[in-house]
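J.: I'll drop the sequence and a predicted model, then ask my questions.
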Amino acid sequence: MGFYFNIGREDLLRAVSVQQNITSKKGTLAILSNVLLEVKSDHLVITGTDLDIGLKQIVPAEVMETGTLTLPAKKLFELARESGSTVISFKEMENNWVEITAGPSCYRLAGMVADEFPQFPAYDESAMVEIDSAVMAELVDKTIFSIALDKENMFTLTAALLEKFKENDKTYLKMISSDGHRLTIMTREVDAAIDNLQLKPLTLIPRRGVQEIRKFCENRNSFLFGVEEKQAVLKSSESLLVIRLMEGDFPDFQGLLDSLTRENTILIDRNRFLESLKRINLFTEDMFHAIKMEVNGTTMVLTSQNADFGSARDEFEVEYDGEPLVLGFNCRYFIDSLQVMEGNTVGASINSQESPCLITSEEDKGFLSVIMPMKL
């Protein structure tokens, strides 16, 4: 006899919508597009994996018969999303078919036996520490946009680097990302309990793993977090997320930071700067988003040109007492940084026409962004 259970539509939809992001990756194993359903006496355990990321969720259910089977994640998601019933009933039939009833609707869905489903990774809970979800969410939000999408020359740029350090008896977590054209760092003070968190010399979390960590932070105040030799583990009362870490080196970002000075700093109204950049970006070339930035006295002028559509120019006041500057930058990089920053005023420190631009704010102490210049 196979499983037989009832589950709330909202509970099922919430669970499988998260699993969708993991199981939707096209792989060589057909069973990886399925989720494993383990029907226990009073709940359901749903597991999905693509061998790099694994997620296990406990979902409440009314269980008549226990059992185990895998079902296609995408079809489960679509079925739960479109269903008009508040309760959905699952009954396993012969030859791994499952009869699904939702109000007046009835479906038959083909499953696969669980024997071929990959074993979920073991982990060491004793090595995990409790971390505030808001802290981890901020680390991710302020760095994820500059993780490289695809870097064949240096594939580790497709990951974020996580570090921990102590300063003046305070403990800090730092997340660093770079795509080779920009560098973003976010540092947050954390609870002293994080002292017990063991990180690798280079803890590199792949971009997709960082995205899943951000989703894990939602709708919970805290969770357990641990880093092992080959994986990062996040655990709450009802979910368990395991992410395979990346091996390799990360660029010497500290050397770059040490070479920058903050003596030649332009103070800019963040919102005014951001609005101007968005307008100027309308007339940049799609691939490079190149803009010219001219600073002379207390005036900044932004200009852009598009061969097909025309040009744009915007001028506004800044605070600056250095030599006049004429610079070229990718407009999108500034927009990405300014959108996640806090505070009304930002400082753009630029040593010369060819040097990178360091963006900071006194009102957002832990954040800094370095943007490399472009030749105009």
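T.: Structure received.

J.: how long is stretch 262-272 end to end?
T.: Distance between the boundary residues of stretch 262-272 (CA to CA, to the nearest Å) amounts to 22 Å.

J.: nope, stretch 22-30 is what I was after
T.: 14 Å.

J.: for stretch 360-376, same thing?
T.: Stretch 360-376 has an end-to-end distance of 25 Å (criterion: CA to CA).

J.: contacts only, for residue 171.
T.: Going by CB atoms under 8 Å, 6 or more residues apart in numbering, residue 171 touches 164, 165, 189, 190, 191, 192, 194, 195. In short, each C-beta sits where N, CA and C put it, glycine included.

J.: again, 6 Å this time
T.: Taking CB atoms under 6 Å, 6 or more residues apart in numbering as the contact definition, residue 171 lies against 190, 192, 194, 195.

J.: identify the residues contacting stretch 211-227?
T.: Contacts with stretch 211-227, where a contact means CB under 6 Å, 6+ apart, come from 53, 127-128, 130-133, 136-137, 140, 199, 203, 233-236, 241.

J.: among those residues, which ones are in helices?
T.: Cross-referencing the contacts of stretch 211-227 against helices under DSSP state H gives 133, 136, 137, 140.

J.: now list the buried members of those residues.
T.: Neighbour-count burial within these applies to 133, 136, 137, 140; the criterion is 16 or more other CB atoms under 10 Å.

J.: and of the ones in helices among the contacts of stretch 211-227, the nearest to residue 100?
T.: Nearest to residue 100 among the ones in helices among the contacts of stretch 211-227: residue 133, at 33.6 Å, using CB to CB.

J.: count the residues that sit near the closest residue to the closest one other than its chain neighbours.
T.: Spatial nearest neighbour of residue 133, excluding adjacent residues (CB to CB, 6 or more residues apart in numbering): residue 217 at 4.2 Å. Neighbour count for residue 217, taken as other CB atoms under 10 Å: 22.

J.: next: the one 3 residues further on.
T.: Around residue 220 there are 12 other residues, counting by other CB under 10 Å.

J.: all helices for the protein, in order.
T.: Assigned by DSSP H, the chain shows helices spanning 9-23, 73-82, 133-141, 207-217, 253-259, 270-281, 331-340.

J.: those: lowest mean pLDDT?
T.: Within the helices of the chain, confidence is poorest for helix 253-259, with a mean of 90 (mean pLDDT).

J.: contacts for that helix?
T.: The contact list for helix 253-259 (CB under 6 Å, 6+ apart) reads 176, 183.

J.: C-alpha coordinates for that helix, PDB please?
T.: Provided in PDB are the C-alpha atoms of helix 253-259 (Å, rounded to 0.1, in the frame of the first residue of the first chain):
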ATOM      1  CA  PHE A 253      41.100  42.600  -2.800                       C
ATOM      2  CA  GLN A 254      43.000  43.900   0.300                       C
ATOM      3  CA  GLY A 255      45.900  44.900  -1.900                       C
ATOM      4  CA  LEU A 256      43.500  47.000  -4.100                       C
ATOM      5  CA  LEU A 257      41.900  48.600  -1.000                       C
ATOM      6  CA  ASP A 258      45.300  49.500   0.500                       C
ATOM      7  CA  SER A 259      46.300  51.300  -2.700                       C
END
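
J.: pull the distance from that helix to the chain's centre.
T.: 25 Å (CA atoms, centre = their mean, to the nearest Å).

J.: could you check it and say which residues are buried?
T.: residue 253.

J.: and for stretch 148-166?
T.: So for stretch 148-166, counting by 16+ other CB under 10 Å, buried means 148, 156, 157, 158, 159, 160, 161, 162, 163, 164.

J.: which residue sits closest to the third one, ignoring its sequence neighbours?
T.: So the one you mean is residue 157. Among residues not flanking residue 157 along the chain, residue 148 sits closest, at 3.8 Å (CB to CB, 6+ apart).

J.: where does the stretch 1-150 of the chain dip in pLDDT?
T.: Along the stretch 1-150 of the chain, segments meeting pLDDT under 70 span 1.

J.: again, only using 90
T.: Counting by pLDDT under 90, the stretch 1-150 of the chain shows low-confidence ranges at 1, 20-21, 24-30, 84, 150.

J.: one step back: now, of the contacts of stretch 211-227, which are buried?
T.: Applying 16+ other CB under 10 Å to the contacts of stretch 211-227 flags 53, 128, 131-133, 136-137, 140, 199, 203, 233-236, 241 as buried.

J.: between those residues, which is nearest residue 71?
T.: Nearest member of the buried ones among the contacts of stretch 211-227 to residue 71, counting by CB to CB, is residue 53, at 19.1 Å.
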